[in-house]
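Trainee: here is my input; please provide its structure:
(chains A and B)
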There are 2 protein chains.
Amino acid sequence: MNPRSESNTGSRRVVIVGAGFAGLAAARELASAPADIIVIDRHNYNLFQPLLYQVATAGLSPADIAAPIRSLLRAPNTRVLLDEVVDIDPAARQVRMRSGGEQGYDVLILATGSEYNYFGHDEWRELAPGLKSLDDATDIRRNVLVAFERAEMECESAARARLLTFVLVGAGPTGVELAGALVELARTTLSRDFRTIDPAQTRVVLIEAGPRVLAGFPGRLSDFAARSLRQMGVEILLDSPVERINGSGVSTGRQTVDAATVIWCAGVKARPVARWLGLPAAHGGRIEVAADLGVPGRPEIFVVGDAALCHGRDQRPLPGLAAVAQQQGEYVGEVVRRRLYAEPAIGPFSYRDRGTLATIGRNSAVADLPWARLTGTIAWLLWGTVHIFLLIGFRNRIAVFLNWVWAWLTYGRGARLITGEERRMAHARQISPISSPLLPEELDDHG
Amino acid sequence: MNPRSESNTGSRRVVIVGAGFAGLAAARELASAPADIIVIDRHNYNLFQPLLYQVATAGLSPADIAAPIRSLLRAPNTRVLLDEVVDIDPAARQVRMRSGGEQGYDVLILATGSEYNYFGHDEWRELAPGLKSLDDATDIRRNVLVAFERAEMECESAARARLLTFVLVGAGPTGVELAGALVELARTTLSRDFRTIDPAQTRVVLIEAGPRVLAGFPGRLSDFAARSLRQMGVEILLDSPVERINGSGVSTGRQTVDAATVIWCAGVKARPVARWLGLPAAHGGRIEVAADLGVPGRPEIFVVGDAALCHGRDQRPLPGLAAVAQQQGEYVGEVVRRRLYAEPAIGPFSYRDRGTLATIGRNSAVADLPWARLTGTIAWLLWGTVHIFLLIGFRNRIAVFLNWVWAWLTYGRGARLITGEERRMAHARQISPISSPLLPEELDDHG
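Mentor: Numbering: from 1, shown residues only, chains lettered A, B, ... in the order given. Sure thing, here's the model as predicted:
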């Protein structure tokens, strides 16, 4: 390795946009590199998205699954900016930020992630919020808990049934995990809390356009997951693309479900990086990258994580998983580090698949591993162990572990707080024309 | 004790408004009484207010200091309603709720608590929010953390200094505890997080209208607290009533402090129960109660906690403390229980003063006990022990204890999350005429 060239320090600027799994991994890889590393994120925290559904179902607190980016990136060469990139000028090598500032770069790493895709029905966004940020999770938690409270005070039985019906659109890992957690919340945790309603009469309906749940998993695991969910009381509608969502519920071609709460879990698209770069967007708005994850024709720009379209050894696109994002971030960090030290380049990116997990409930999961396919308790134990060790920051691990042990022993969920209600009510009074529970702008944070 | 009279069950209704310390204690005392107990609260959680300042300074998560009311009140005779009382008809014996519903009562216990008192300057509410609810605490946490982030990106030194100045109006326990926690957050936790700014240059200014801090404590303890705070770096302005608060800072008669963040800790008033009952309001909007905490002339209505004006043995009004509220709630629960069983009444309410504590920082506090006045580490250890044991719910105690041990060992604060920003930005766009950081309606939740 070359000795550190002091003359480079302070002159080469590596800008990393987004501090999720990919951006954070790249920044850490560059912590001792001879360059100014500038990390820009809209939030001041790194979010452990795989456990977001547990915040939405009151099992964990926001702080259990999020850590301040600044405390994760303390290298002297690294600066963190709380701002949002809204455009890029590739010719001038600058990113433009919402605050109005501009930031020049020599190398740009785009790790902007994805957002929910309503497939042209953006009007559904307000009726069926997705689960991507901590604010989404606490909004959904509030909606779910408020639905039970309203049902408790509702005299009319059809209205009560509607309040106690929760529809999840999309049966990927998020939909499956939310369905299991919601039905458990209703049938165990809340079961003794109410006098008028019986939370066990809650309907959790999982609607999937395709022919099976967990389409990314082998068929045997999908069947196991569907069977387990049905045993827990989840209704599953397969081959049922959603045709209409309105204030009263959800309609598929064959069926209409009256529901007060609808949650969108049906697919994601990349944030608009392709438009910023003036490039054609591939499937899901992603940018097709070269073997080194660089943008073709722009060797100084890399795209990693959900924003990148990258093919695996089997020529199929890599899925939008945390593990893919993390390995891509590490890889690009290494590519850039070698470039800064003028070392020889490394080979093309290759994803090491260590397996995929999805949990189904209190003590069941499915695991698609390179060496085995597991179901039930053994898969759930693996899931729990892996997720505790993946969580960033020692404190979080301990807190999450204790919360889990406690919740498992008592069926209790400690974060059952309805917060943000005063602000929301104040707004409802202020913005009287819109009376829907979620304002469209609240979830509309493109760009 | 009389055998339980079944004929009474379901016919006598005891309505408790507010599930804070006083309301919860009353409801628990009545858990086996032969009556329908109906508890009405605007929130679904009971809040441990003495530790709210730790949520505002990112030391604890909301769920650490709040527990769902339903899980605390599971007696079969008890119903919990998530609603807000907006008026009372004492002649018809009914309370009216925001949802439009009405609830009749045979006995009414008003435990509605207090809110911040801006002493006729309600326009300050939006510029200097108070700290009374979980939403207040997460709003203040966001404002404080965002101020540091903006300072990091600010080039102009006067603007940067203004962003790094935090003013607390009122040097009671809340002001003193917030001042200590803020200065520690800036000087230790955040000290390694920033590149451009030096968080150690943060100014924390505690402004008090009266001649000393912690006016409710003996003079020696006030002096100790002021000396400790000054050693930690807090600026204290005494005899300085605030005359003006505007977008740029705070002015007293003698001094103007430019500050981006102003927090109101300067006194409370009762929620408008007196107006609901058509009674004259005593000092601070409170209702003067009889020896049994009943409303004179209305033996079926009791007022407890911060809403009640009740005199101690020394003829001075009892302070608005959690311990007073809890003892009053227990007492009234016992009074009502005996009445339901037609047992002889108990004697007048008398407050057992076990002492008052206020913490000053990482390892210092003052304790005004009936048998001693303590300062420093010994008082701080007492404070920590007492607060862990006072916290409701075993899980909360463990989580808080671990958070504290961890934070104490590492100087870290785990809950440093800036959340609610997307919603806030959406509103700022929507409601363009008002560009201030907090909308007035957000904190305006009278009645």
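
Trainee: OK, contacts around the residue in the stretch 151-300 of chain A that chain B sits nearest to?
Mentor: Relative to chain B, the nearest point of the stretch 151-300 of chain A is A:Asp193 (3.8 Å; Cβ to the nearest Cβ). Using the backbone N, CA and C atoms, a C-beta is placed for each residue, glycine as well. The contact partners of A:Asp193, by Cβ atoms under 8 Å, 6 or more residues apart in numbering or on different chains, come to A:Phe148, A:Pro199, B:Pro68, B:Arg70, B:Ser71, B:Arg74, B:Val80.

Trainee: ok, the fourth one touching B:His43?
Mentor: Translated: B:Arg70. No: in terms of Cβ atoms under 8 Å, B:Arg70 does not count as a neighbour of B:His43; the distance is 11.5 Å.

Trainee: and the two? Which one has more around it.
Mentor: Ranked by neighbour count (other Cβ atoms under 10 Å in any protein chain shown), B:Arg70 and B:His43 place B:Arg70 first, with 25 against 22.

Trainee: tell me the spacing between that one and chain A.
Mentor: Per Cβ to the nearest Cβ, to the nearest Å, B:Arg70 is found 4 Å from chain A.

Trainee: just the strands in the stretch 101-250 of chain A please.
Mentor: Taking DSSP state E, counting those that start in this stretch to define them, one finds strands in the stretch 101-250 of chain A at A:102-104, A:107-110, A:114-116, A:165-169, A:203-207, A:234-237, A:242-246, A:249-252.

Trainee: show me what from the stretch 151-300 of chain A comes close to chain B.
Mentor: A:Glu152, A:Met153, A:Leu190, A:Arg192, A:Asp193, A:Phe194, A:Arg195, A:Thr196 (Cβ under 8 Å from any Cβ of the partner chain).

Trainee: in helices only, show me these.
Mentor: A:Glu152, A:Met153 (DSSP state H).

Trainee: by neighbour count, which of the residues of the stretch 151-300 of chain A next to chain B wins?
Mentor: Using other Cβ under 10 Å as the neighbour test, those are led by A:Leu190, with 25 neighbours.

Trainee: test my guess that it contacts A:Glu149.
Mentor: No: judged on Cβ under 8 Å, A:Leu190 makes no contact with A:Glu149 at a distance of 10.5 Å.

Trainee: helices of chain A, residue ranges please.
Mentor: Using DSSP H, helices in chain A cover A:21-29, A:52-56, A:69-72, A:134-153, A:157-163, A:173-184, A:219-232, A:273-277, A:322-340, A:377-390, A:394-410, A:421-430, A:440-443.

Trainee: can I get these in TSV including mean pLDDT?
Mentor: Listed next are those as TSV, based on pLDDT from 0 to 100:
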stretch	mean pLDDT
helix A:21-29	96
helix A:52-56	92
helix A:69-72	89
helix A:134-153	92
helix A:157-163	94
helix A:173-184	95
helix A:219-232	96
helix A:273-277	93
helix A:322-340	96
helix A:377-390	86
helix A:394-410	65
helix A:421-430	46
helix A:440-443	28
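
Trainee: for the ones you listed, which one sits closest to B:Leu279?
Mentor: helix A:421-430 (26.9 Å; Cβ to Cβ).

Trainee: got the end-to-end distance for stretch A:346-353?
Mentor: In stretch A:346-353, first residue to last residue: 20 Å (Cα to Cα, to the nearest Å).

Trainee: ugh, typo on my part, it should be stretch A:147-164
Mentor: 7 Å.

Trainee: who touches it?
Mentor: A:166, A:186, A:190, A:193-197, A:199, A:201-203, A:248-249, A:258-261, A:418, B:44, B:81-83, B:99, B:101.

Trainee: filter the residues you listed to the buried ones?
Mentor: Neighbour counting with 16 or more other Cβ atoms under 10 Å in any protein chain shown marks A:166, A:186, A:190, A:193-194, A:197, A:199, A:202-203, A:249, A:258-261, A:418, B:44, B:81-83 as buried within the contacts of stretch A:147-164.

Trainee: farthest pair within the residues of the stretch 151-300 of chain A next to chain B?
Mentor: A:Met153 and A:Arg192 (18.0 Å).

Trainee: A:Gly23 contacts A:Gly329, doesn't it?
Mentor: Yes: if you go by Cβ under 8 Å, A:Gly23 and A:Gly329 touch, sitting 6.3 Å apart.

Trainee: quickly list what's touching both of the two.
Mentor: Common neighbours of A:Gly23 and A:Gly329, counting by Cβ under 8 Å, 6+ apart, are A:Ile109, A:Ala111, A:Val304, A:Gly305.

Trainee: quick check: pLDDT value at the third one.
Mentor: Confidence at A:Val304, expressed as pLDDT, is 97.

Trainee: kindly report the same for A:Glu123.
Mentor: 92.

Trainee: same check on A:Ile197?
Mentor: As predicted, A:Ile197 sits at a pLDDT of 88.

Trainee: quick one, what contacts it?
Mentor: A:Phe148, A:Ala151, A:Glu152, A:Arg160, A:Leu164.

Trainee: same check on A:Ala31?
Mentor: Residues in contact with A:Ala31 (Cβ under 8 Å, 6+ apart) are A:Ile37, A:Leu73, A:Ala75, A:Asn77, A:Thr78.

Trainee: drop anything exposed from those.
Mentor: Buried among the contacts of A:Ala31 by 16+ other Cβ under 10 Å: A:Ile37, A:Leu73, A:Asn77, A:Thr78.

Trainee: what sits against A:Leu390?
Mentor: Here A:Leu390 is in contact with A:Phe48, A:Pro50, A:Ala322 (Cβ under 8 Å, 6+ apart).

Trainee: burial count for the residue lying closest to A:Phe48 once chain neighbours are set aside?
Mentor: Nearest residue to A:Phe48 in three dimensions, chain neighbours excluded: A:Ile65, at 4.3 Å (Cβ to Cβ, 6 or more residues apart in numbering or on different chains). Using other Cβ under 10 Å, A:Ile65 has 25 neighbouring residues.

Trainee: distance of A:Ile65 from B:Tyr45?
Mentor: According to Cβ to Cβ, to the nearest Å, A:Ile65 and B:Tyr45 sit 20 Å apart.

Trainee: over to A:Ala274?
Mentor: A:Ala274 is 44 Å from B:Tyr45, by Cβ to Cβ.

Trainee: can you check A:Gln326 too?
Mentor: From A:Gln326 to B:Tyr45 the distance is 36 Å (Cβ to Cβ).

Trainee: now, the most widely separated pair of the contacts of A:Asp193?
Mentor: Among the contacts of A:Asp193, the pair separated by the greatest distance (Cβ to Cβ) is A:Phe148 and B:Arg74, which sit 15.1 Å apart.

Trainee: those two: which has the busier surroundings?
Mentor: Neighbour count, other Cβ under 10 Å: between A:Phe148 and B:Arg74, A:Phe148 has more, with 24 against 11.

Trainee: residue ranges with poor pLDDT in the stretch 1-150 of chain A?
Mentor: The model of the stretch 1-150 of chain A has pLDDT under 70 over residues A:1-10.

Trainee: near chain B, which residues of it?
Mentor: A:42-45, A:61-64, A:66-68, A:70-71, A:74, A:79-83, A:99, A:101, A:133-135, A:138, A:145-146, A:149.

Trainee: do that again at 6 Å, thanks
Mentor: A:44-45, A:61-63, A:66, A:68, A:70, A:74, A:79, A:82, A:134-135, A:149 (Cβ under 6 Å from any Cβ of the partner chain).

Trainee: which among the residues you listed end up buried?
Mentor: A:44-45, A:61-63, A:66, A:68, A:70, A:79, A:82, A:134-135, A:149.
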